[in-house]
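> Quick one: sequence plus predicted model below, questions after.
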Amino acid sequence: MAKFIDYYTLLNILPTASEELIKRAYRIQSKELHPDQGGNEQQFIQLTEAYEVLSSPTKRKAYDQEYAYHQQAKEQTKERPREEREKSKPSDESQSQKVYPRFSFDYVRYGKVMFGALIGFSILAKAINALDESSEPEIPVNPIVFPVEASEESVDITPNTESNGELLDEYEVSVVEASEKSTAISTGTEITEELLDEEEDSVGEANAQSAHITTDSSSLYVRYLNRIYKLEDESQSYGKVWETGSDAEITQATYIQFEAWDDLLNEIYQTLKMELTESDFVNLRESQRTWLVERDRIADAAIVDFTGGSWEAPIYTLAQTEETKKRCYWLVMNYMN
């Protein structure tokens with residue numbers, strides 16, 4: 001008589017699981033146990049056999065009857081006296097040697113780890129911000145004007161002061177006009193660049209210009225690090241979609257996450273474009289182009305086992321999102337720190 005194999009335990013699902021849940025469980029387990037990925041060939045064969053039986057309504061009905069019989073026999077075995085269980089221990093151990101899958105994604109544990117990491121990052125960011133505020137003296141935005149008592153000397157000096165103020169205003173206007181012209185020229189030349197400059201949008205450039213004007217390098221580091229932490233907090237709200245959402249909802253959620261991280265990356269890139277020297281920015285631009293090709297390659301490799309399925313699009317977008325998030329961290333840590 002062939003040894004009975006618990007297919008439900010093998011797929012890590014309940015006997016009441018639906019066909020869609022069985023299909024998803026098989027995809028996850030087969031990816032881990034496939035011989036080409038370093039898995040056990042015998043376990044992969046048993047996993048495939050379990051999926052073929054449980055995915056067919058006729059075969060599953062027959063298997064459920066046999067499953068109920070073995071479960072009843074298992075319960076009767078637990079109720080036997082201790083002496084009989086000790087005598088039959090070798091046979092019970094041979095029947096209990098079932099192959100359990102090595103992979104079982106624990107969403108609860110993953111959520112706890114990510115939540116703890118986010119708390120740690122937020123505490124670190126607050127500590128860095130407090131250290132910067134305590135170490136750097138405050139610089140007044142508006143100049144302090146001291147009152148001058150009216151006297152003959154002040155009356156004599158007033159015309160010269162007013163003329164100097166007019167000259168200073170003209171100089172400031174000329175400087176602003178020159179900077180605007182140079183910005184327009186550099187923007188016009190950069191538009192003609194090939195792959196990377198086509199991805200940069202006007203919103204990221206406007207935000208980057210405002211950050212460049214109002215902050216220094218240390219405050220840029222704190223600003224964008226906080227932006228990254230905030231975006232990670234917002235991304236946690238999409239975690240339940242992978243558990244209870246449909247395929248369409250999962251695809252939409254991953255695309256929204258990718259757009260948010262891609263916009264932040266473009267804004268950081270535009271800020272560095274104005275902060276770095278010309279030679280440093282040329283090197284960064286070449287590095288960015290190389291990274292874009294590598295990001296697409298990693299995303300293509302991630303969907304090898306999902307090609308043609310409903311999860312192909314969300315897995316591809318999720319891989320791009322993870323690489324974009326790492327790139328944001330890398331740019332801030334290496335160029336703004």
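Cool, the structure landed.
> need the helix or strand of this protein with the lowest average pLDDT.
When the helices and strands of the chain are scored by mean pLDDT, DSSP states H and E, helix 152-191 comes last with a mean of 47.
> how about the helix or strand harbouring Arg223: buried residues?
Under the criterion of DSSP states H and E, Arg223 resides in helix 217-235. Residues 219-229, 231-232, 235 are the ones in helix 217-235 that count as buried (16 or more other CB atoms under 10 Å). Glycine gets a C-beta too; all of them are placed from N, C-alpha and C.
> Pass me the low-pLDDT residue ranges in the stretch 1-150 of the chain, would you?
Along the stretch 1-150 of the chain, segments meeting pLDDT under 70 span 1-2, 79-107, 133-150.
> Now do the helices in it.
7-11, 19-33, 41-55, 57-79, 82-87, 89-95, 107-135 (DSSP state H, counting those that start in this stretch).
> what's the most buried one of those?
helix 7-11 (a mean of 20; mean count of other CB atoms under 10 Å).
> elements contacting that one?
Helices and strands touching helix 7-11, by 3 or more CB pairs under 8 Å, 6 or more residues apart in numbering; DSSP states H and E, are helix 19-33, helix 41-55, helix 57-79.
> Quick check: His34 touching Phe44?
Yes. Look at His34 against Phe44 with CB atoms under 8 Å: they come within range, at 6.0 Å.
> Quick check: Asp64 vs Tyr26, distance?
As judged by CB to CB, to the nearest Å, Asp64 and Tyr26 stand 18 Å apart.
> Tyr335 now?
From Tyr335 to Tyr26 the distance is 45 Å (CB to CB).
> and if you look at Ile13?
Distance, Ile13 to Tyr26, by CB to CB: 9 Å.
> what's the answer for Arg109, then?
Noted for Arg109: a distance of 22 Å to Tyr26, by CB to CB.
> Redo the helices of the stretch 1-150 of the chain as TSV? Include distance to Leu292.
Output for those, formatted as TSV (distance: least, CB to CB, whole Å):
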stretch	distance to Leu292
helix 7-11	39
helix 19-33	27
helix 41-55	36
helix 57-79	47
helix 82-87	64
helix 89-95	55
helix 107-135	26
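> What are the boundaries of the strands in the stretch 201-337 of the chain?
With DSSP state E, counting those that start in this stretch, there are no strands along the stretch 201-337 of the chain.
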